[in-house]
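In: coords please:
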Amino acid sequence: MGKIISIHSYRGGTGKSNTTANLAATMVATGKRVAVIDTDIQSPGIHIIFGLGEDAPQPEFALNDYLHGQCEIEQTAMDITPHLGANLAGRLYLIPSRTQASEIAKIIRGYDVGLLVDGYEQLMSALNLDVLLVDTHPGLNNETLMSVSVSDAEAIILRPDYQDYQGTAVIVSISRKLGVPNLVLVANKVPKSIPLADLRARLQAQYTCPVGAILPHSDSMMALGSQKVFVLAYPDHFIANQIKQLANTLLV
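Out: Now for the predicted structure:
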């Protein structure tokens, strides 16, 4: 039986989508069938990390179309394995959201959140998935809470920042009330001046929650500018090894 894993954060700018993309590539490299669904429908962007910018062919259907009853959710799935530019043992599918302002405006006016969650199981079955990664909208809203509630695991991304510390406490508390079986913290964009072992110990003590990865600030990642998947560009980097450990923790 495949797993649903939500990647979440209290606010934007934490590197949530980058972490999702790197987790997906790491899992596919081990032979898994993985899909990434971009439920940050108000500000979609993970497709760019996978090499699907403005010049790439546009999908016939996207998540927006499914939520408006215009297609089945499996019709929105794009096999993007060839776009990764690497010899990978598994398959990677992307369920994108549309970036046009008119489509985003329609979504903001509302849709059936239950339909979104129903689509997860439909995707798992139709694509024979090992893992469905849900790139959530930051913060707390109906679609995020519904996604978290049906997840087998959740990675909560935070930066070493006091606003993130306070917000993450709220996310952890709510996720526990929703009964997420496997809850993991990920500290991202950690300044080089902060000892990583000390930060790990502090987070585990503060939230009584395992820390799946500590990801330091990286000039190499910044130079990529979200145009490539980091773990494929730098497979031997410390961050790539941390992502592998995170993947293993989330798949337990």
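In: So for stretch 72-84, what gets flagged as buried?
Out: I73, E74, T76, A77, M78, I80, T81, H83, L84 (16 or more other CB atoms under 10 Å). From N, CA and C alone the C-beta is placed, and that goes for glycine too.
In: what's the spacing between the third one and P191?
Out: When you say that, I think you mean T76. Using CB to CB, to the nearest Å, T76 is found at 39 Å from P191.
In: Restricted to strands, list the buried residues of stretch 72-84.
Out: M78 (DSSP state E).
In: how about TSV for the buried residues of stretch 72-84, with pLDDT and distance to R159 added?
Out: Formatted as TSV, those follow (pLDDT from 0 to 100; distance: CB to CB, whole Å):
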residue	pLDDT	distance to R159
I73	96	32
E74	96	35
T76	96	31
A77	96	32
M78	95	30
I80	93	28
T81	93	31
H83	83	29
L84	85	27
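In: Could you export the buried residues of stretch 72-84 as a markdown table, including distance to L133?
Out: Output for these, formatted as a markdown table (distance: CB to CB, whole Å):
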| residue | distance to L133 |
| --- | --- |
| I73 | 15 |
| E74 | 16 |
| T76 | 15 |
| A77 | 13 |
| M78 | 14 |
| I80 | 13 |
| T81 | 15 |
| H83 | 16 |
| L84 | 15 |
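In: Could you tell me how far the helix or strand of the chain with the lowest mean pLDDT lies from the centre of the chain?
Out: None of the helices or strands of the chain scores lower by mean pLDDT, DSSP states H and E than helix 101-108, at a mean of 72. Taking CA atoms, centre = their mean, to the nearest Å, one finds the center of helix 101-108 at 22 Å from the center of the full chain.
In: Number the chain from 813, please
Out: Okay, residue one is now 813; in that scheme the one you just asked about reads as helix 913-920.
In: Tell me the buried residues in that helix?
Out: Neighbour-count burial for helix 913-920, with 16+ other CB under 10 Å as criterion, is recorded at E915, I916, K918, I919.
In: Looking at the residues you listed, which one is closest to P1007?
Out: I916 (41.5 Å; CB to CB).
In: ends of stretch 1046-1055, how far apart?
Out: End-to-end distance for stretch 1046-1055, by CA to CA, to the nearest Å: 12 Å.
In: quick one: average pLDDT of that stretch?
Out: Stretch 1046-1055 shows a mean pLDDT of 96 in the predicted model.
In: And for stretch 986-1003?
Out: The predicted model assigns stretch 986-1003 a mean pLDDT of 96.
In: quick one: contacts of that stretch?
Out: Stretch 986-1003 has contacts (CB atoms under 8 Å, 6 or more residues apart in numbering) with 818, 820, 826-827, 831, 952, 957, 960-961, 963-972, 980, 984, 1008, 1011-1012, 1015-1016, 1019, 1021-1029, 1058, 1061-1062, 1064.
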